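Engineer: need a 3D model of the following:
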Amino acid sequence: MKKCVEYSNNFGKIEMKLKNYLDSHEITRNSLSVATGIRYDVIDRYYKGAVTRVDLETLAKICYALECELSDIINYKIS
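Structural biologist: Model (predicted):
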């Protein structure tokens, strides 16, 4: 399985797992964009882990469209 993109600081590590989830379920970023109404470039940033501030509404839309739990696309680890 591909490595998750990570953000780390002294308080722990946030891993963006949207890429792994979409790839393993054979879902494209474009189809997720259409299903959620979220612009492709925003989905792409979450997919690549290039997000520094998450939007709760965006995460809710993604989880709703994918019928998944937040923990399926984001993980928190204590350092």
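Engineer: use CA for all of it now, contacts and neighbours both
Structural biologist: Noted.
Engineer: longest helix in the chain, please.
Structural biologist: Criterion DSSP state H: the longest helix present in the chain is helix 56-66.
Engineer: outside of it, which residues touch it?
Structural biologist: Helix 56-66 has contacts (C-alpha atoms under 8 Å, 6 or more residues apart in numbering) with 32, 35-36, 38, 69-70.
Engineer: which stretches in this structure count as helices?
Structural biologist: Ranges of helices within the chain are 18-24, 29-36, 40-48, 56-66, based on DSSP H.
Engineer: of all those, which one is nearest residue 75?
Structural biologist: The minimum distance between residue 75 and the helices of the chain falls on helix 18-24, with 10.1 Å, by C-alpha to C-alpha.
Engineer: buried residues of that closest one, list them for me.
Structural biologist: The neighbour-count check on helix 18-24 (16 or more other C-alpha atoms under 10 Å) flags 18-22 as buried.
Engineer: equivalent analysis for stretch 39-56, please.
Structural biologist: So stretch 39-56, judged by 16+ other C-alpha under 10 Å, has buried residues 40, 43-44, 46-47, 49.
Engineer: any chance of CSV for those residues, columns distance to residue 12 and pLDDT?
Structural biologist: Below are these laid out as CSV (distance: C-alpha to C-alpha, whole Å; pLDDT from 0 to 100):
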residue, distance to residue 12, pLDDT
40, 29, 98
43, 24, 98
44, 24, 97
46, 19, 97
47, 20, 97
49, 16, 92
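Engineer: got the contact list for the residue in the chain sticking out farthest from the centre?
Structural biologist: In terms of distance from the mean C-alpha position of the chain, residue 10 ranks first, at 21.7 Å (C-alpha atoms, centre = their mean). For residue 10, the contacting residues are residue 79, taking C-alpha under 8 Å, 6+ apart as the criterion.
Engineer: that'll do, ta.
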